[in-house]
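Colleague: model this:
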Amino acid sequence: MNEKRLIVNADDFGMSRGISDGILLAHQYGFLTSASLMVNMPATEYAIARLRATPALGIGVHLNICQGRPLSSPREVPSLVDQNGDFHPPPVMIRKLWKWQVASREVELEFRRQIRWMKDRGLQPTHADSHHHMHIYPAAVSAFARALAAEEIECVRASRCTCWPQSGSPGGPHVGGIFRRVLVRAYRGALQTAILRRFYSADSRVCFVSIERRDADSLGDSWKSAFENLPPGTFEFACHPGLFERGFSESDRIHRLREDELRWLTDPAMRELIERSGIQLITYADLREARGSHRAAAEAAA
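Modeller: All right, here's what the predicted structure looks like:
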């Protein structure tokens with residue numbers, strides 16, 4: 001099969017009004033196909049109300065255990081929160097997850113609460129991922145898989161990351177020394193092919209080397225290069241578009257990147273490049289349908 005299929009997914013839907021509006025604009029006037037909703041943020045209800053105008057936008061859940069407060073009572077998830085009942089910030093939570101200093105059952109409980117919160121508002125998540133990729137860490141990944149299976153979510157974000165064009169580095173797009181980068185690449189590949197294999201996911205996620213991610217001025221060119229060199233297969237392109245919002249964006253370390261990404265996502269030339277490259281834009285619902293049909297055909301032939 002020589003088809004090139006791409007899910008363009010925006011994270012952080014509901015984090016703020018400016019981010020939510022930017023995501024909706026990127027879908028209405030650009031090539032964004034999907035978004036992941038944070039359910040415990042100040043603008044979550046605002047984001048959901050705006051979805052009525054964008055019925056074609058795929059909506060998944062952006063599971064969150066590192067910002068804001070849990071939906072569970074802090075007494076139910078004591079290993080996930082600080083003395084004020086707030087989630088530990090990302091650097092602290094990452095360290096706790098690596099050291100197995102969180103309770104897996106608490107992670108599963110909070111993940112299921114967040115999924116059910118969406119369902120209670122009439123939204124069946126098309127897929128699941130997590131804020132700052134917390135679900136891929138050792139103490140969380142099994143809880144993530146159990147929560148999704150119990151809540152009947154069939155699609156997950158690809159754990160594997162790949163750069164296009166290929167850099168030739170065995171460590172791929174990951175940061176740090178070569179030994180660490182090779183280990184991270186192997187670990188992510190194992191997650192996708194072993195622990196999370198029961199779920200549908202893209203073949204890989206389009207990523208960029210760290211120096212490109214830090215340079216907003218050249219990242220747009222990296223997008224173009226990735227689209228031009230995308231090989232056959234199904235891939236996810238994760239992004240973080242948004243509009244500046246006074247009172248929020250001043251403390252958002254990637255607010256400039258959000259505005260730049262919104263500009264690229266709505267750039268007609270970028271859309272034309274995607275079409276010229278023979279890339280079909282899809283959602284996770286399309287992925288589930290295609291992979292489900294393929295699996296059913298393979299089982300019937302066995």
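Colleague: and the closest residue in space to residue 117 that isn't next to it in sequence, its phi and psi?
Modeller: Excluding its sequence neighbours, the residue lying closest to residue 117 (Cβ to Cβ, 6 or more residues apart in numbering) is residue 39, at 4.7 Å. Every C-beta, even on glycine, is put in place using the N, C-alpha and C of the backbone. Per-residue torsions, residue 39: phi -100, psi 0 (degrees, to the nearest 10).
Colleague: isn't residue 39 right up against residue 118?
Modeller: Yes. Using Cβ atoms under 8 Å, residue 39 is in contact with residue 118, at 6.0 Å.
Colleague: and the two? Which one has more around it.
Modeller: A count of neighbours by other Cβ atoms under 10 Å puts residue 39 above the other of residue 39 and residue 118, at 25 against 20.
Colleague: next one, pLDDT for residue 301 please.
Modeller: As predicted, residue 301 sits at a pLDDT of 64.
Colleague: and the helices in the stretch 151-300 of the chain, which stretches?
Modeller: Secondary structure of the stretch 151-300 of the chain, counting by DSSP state H, counting those that start in this stretch: helices at 178-190, 210-214, 216-229, 255-265, 268-276, 284-301.
Colleague: ok, which of those comes nearest residue 98?
Modeller: Nearest to residue 98 among the helices of the stretch 151-300 of the chain is helix 178-190 (11.5 Å), distances taken as Cβ to Cβ.
Colleague: just to revisit the earlier point, common neighbours of residue 39 and residue 118, please.
Modeller: Counting by Cβ atoms under 8 Å, 6 or more residues apart in numbering, the common neighbours of residue 39 and residue 118 are residue 61.
Colleague: low-confidence stretches in the protein?
Modeller: Within the chain, the segments meeting pLDDT under 70 span 1, 167-172, 174-175, 210-216, 292, 294-302.
Colleague: closest to the centroid, which residue in it?
Modeller: Centroid-nearest residue in the chain: residue 129, 4.8 Å away (criterion: Cα atoms, centre = their mean).
Colleague: need the contact list for the closest residue to it other than its chain neighbours.
Modeller: Excluding its sequence neighbours, the residue lying closest to residue 129 (Cβ to Cβ, 6+ apart) is residue 157, at 3.8 Å. Counting by Cβ under 8 Å, 6+ apart, residue 157 makes contact with 9, 127, 128, 129, 201, 202, 205, 236, 238.
Colleague: any idea how far residue 157 is from residue 206?
Modeller: Here the distance between residue 157 and residue 206 works out to 12 Å (Cβ to Cβ, to the nearest Å).
Colleague: okay, and the common contacts of these two?
Modeller: Contact with both residue 157 and residue 206 is made by residues 236, 238, according to Cβ under 8 Å, 6+ apart.
Colleague: name the nearest of the contacts of residue 157 relative to residue 144.
Modeller: Among the contacts of residue 157, residue 128 lies closest to residue 144 (Cβ to Cβ), at 7.5 Å.
Colleague: how about the contacts made by the closest one?
Modeller: Contacts of residue 128 (Cβ under 8 Å, 6+ apart): 36, 60, 61, 63, 115, 135, 144, 148, 153, 155, 156, 157.
Colleague: so what's residue 165 closest to, chain neighbours aside?
Modeller: residue 229 (4.3 Å).
Colleague: pretty sure that neighbour contacts residue 164?
Modeller: Yes. At 4.2 Å, residue 229 counts as touching residue 164 under the criterion of Cβ under 8 Å.
Colleague: so these two - more neighbours on which side?
Modeller: Ranked by neighbour count (other Cβ under 10 Å), residue 229 and residue 164 place residue 164 first, with 18 against 12.
Colleague: list the contacts for the more buried one?
Modeller: The contact partners of residue 164, taken as Cβ under 8 Å, 6+ apart, are 206, 225, 226, 229, 230, 231.
Colleague: tell me which element residue 110 is part of?
Modeller: Using DSSP states H and E, residue 110 sits in helix 104-120.
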